[in-house]
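> Show me the folded form of this:
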Amino acid sequence: MPSRVRKAVLPVAGLGTRFLPATKVIAKEMIPVIDKPVVQYAIEEARDAGIEEFIFVTADGKESIANHFSVQPVLESMLAEKRKYAELKLVMDTTLPPGGLHIVKQHDPLGLGHAVWCAKSLVGNEPFAVILPDDMVLSGVPCLKQLIDAHAQVGGHVVAVEDVPREMTNRYGILDIEREDGRLSKARGLVEKPSPEKAPSTLAIIGRYVLDPVVFAELDKRMAGAGGEIQLTDALNRSLDRSTFHGYRFEGRRYDCGTRVGFVEANLAFALAHPDMRDRMVPIVERLLKEYRAGPG
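So this is what the prediction gives:
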């Protein structure tokens with residue numbers, strides 16, 4: 001029986017250059033979708049999946065992320081004095097419990113594998129989750145919980161996957177599938193950003209992982225891969241002699257908030273899924289589409 005997954009690593013050291021100038025002084029993970037920062041959705045998903053400790057791999061100038069999940073006594077006191085209890089609950093619900101928040105600095109942008117390696121001493125020798133907040137998933141059951149439940153059955157490495165158009169395989173880590181079993185696909189390996197003609201499948205890894213700690217033995221080697229960076233997929237590949245590897249076709253819809261179009265799409269999707277906004281959003285979207293199709297004037 002695999003050990004319970006208690007810790008999650010969130011690599012949040014990126015500069016967010018695609019969103020300049022908005023990210024000139026604001027961490028891209030703190031830009032809101034509706035009324036919550038992108039990173040808060042990731043934390044809520046992880047907490048709903050049973051995660052107890054959160055390890056932020058961050059960089060200088062991104063202190064606002066940790067502050068958002070810490071106690072804010074002045075704000076909380078002011079809200080309590082003014083009897084704004086609903087707002088006070090919203091603030092307090094974001095606070096992670098003592099011992100639940102850890103900060104690690106990634107001083108050099110050496111890739112996702114390096115970011116995960118930076119958390120090694122805090123993860124220890126137990127399975128752990130990796131969450132990329134840019135990938136938001138709208139689903140009935142939290143995406144990470146789906147992975148953790150699958151991991152409890154098969155152990156090893158379990159990653160969230162979805163089919164992508166073949167012409168887009170050069171943007172993702174792609175699974176080389178050995179066999180299929182429902183939503184689970186056992187992989188013999190994976191390829192980082194293969195060209196469409198060389199991709200072994202169209203099953204792409206998205207930003208949710210549950211990993212066996214054996215991956216750290218490979219990350220310790222600090223071997224550079226595609227783009228001269230330390231690729232997590234390379235380390236996973238080299239660890240397959242010690243750990244099984246499964247892709248899990250999660251239930252839900254992923255939105256890539258690392259792009260401007262994906263970010264706008266996420267705002268629309270989450271607004272339409274919000275019980276207090278849905279009925280007002282539908283006529284707005286319909287009106288905008290009508291005006292767009294009618295053209296200028």
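> pretty sure Val74 belongs to a strand, no?
No: judged by DSSP: H, G, I helix; E, B strand; the rest coil, Val74 forms no part of a strand; its state is helix.
> Glu81 versus that one, what's the distance?
Per Cβ to Cβ, to the nearest Å, Val74 is found 11 Å from Glu81. (C-beta placed from N, C-alpha, C; glycine too.)
> list residues touching both of those two?
Counting by Cβ atoms under 8 Å, 6 or more residues apart in numbering, Val74 and Glu81 have no shared contacts at all.
> Excluding chain neighbours, give the residue nearest to Gln146 in space.
Residue nearest to Gln146 in three dimensions, not counting chain neighbours: Phe250, with 5.1 Å by Cβ to Cβ, 6 or more residues apart in numbering.
> Show the residue spans covered by the helices in the stretch 101-250 of the chain.
With DSSP state H, counting those that start in this stretch as the definition, the stretch 101-250 of the chain shows helices at residue ranges 112-117, 120-123, 143-154, 215-219, 232-238.
> Distance to Asp48, mean neighbour count and mean pLDDT for those - can I get that in TSV?
TSV is the format used below for the helices of the stretch 101-250 of the chain (distance: least, Cβ to Cβ, whole Å; neighbours: other Cβ atoms under 10 Å; pLDDT from 0 to 100):
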stretch	distance to Asp48	mean neighbour count	mean pLDDT
helix 112-117	22	24	94
helix 120-123	21	17	95
helix 143-154	6	20	96
helix 215-219	25	20	94
helix 232-238	24	23	91
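> Nearest approach to Pro98 belongs to which of those helices?
With respect to Pro98, and counting by Cβ to Cβ, the nearest of the helices of the stretch 101-250 of the chain is helix 120-123 at 15.4 Å.
> Let me see the residues that make contact with the closest one.
Contact with helix 120-123 is made by 7, 9, 53, 55, 102, 104, 213, 216, 219-220, as judged by Cβ under 8 Å, 6+ apart.
> so which of these is the most crowded?
Note: the member of the contacts of helix 120-123 with the most neighbours is Val9, at 27 neighbours, neighbours being other Cβ atoms under 10 Å.
> For the nearest residue to Tyr41 once chain neighbours are set aside, which residues are in contact?
Counting by Cβ to Cβ, 6+ apart, Met136 is the residue found nearest to Tyr41 once chain neighbours are left out, at 5.6 Å. With contacts defined as Cβ under 8 Å, 6+ apart, Met136 is in contact with 33, 38, 41-42, 254-255, 257, 266, 270.
> Show the pLDDT at Met136.
According to the model's per-residue confidence, Met136 sits at a pLDDT of 96.
> Give me the neighbour count for the closest residue to Pro200 other than its chain neighbours.
For Pro200, the nearest residue in space outside its immediate sequence neighbours is Asp176; the separation is 3.9 Å by Cβ to Cβ, 6+ apart. The burial metric for Asp176, expressed as a neighbour count using other Cβ under 10 Å, is 17.
> Surely Asp176 is in contact with Val191?
Yes: because the distance of 6.6 Å satisfies Cβ atoms under 8 Å, Asp176 is recorded as touching Val191.
> which residues are in contact with both of the two?
The contact sets of Asp176 and Val191 overlap at Pro200 (Cβ under 8 Å, 6+ apart).
> list the buried ones in stretch 171-183?
Using 16 or more other Cβ atoms under 10 Å as the test for burial, stretch 171-183 gives 172-177.
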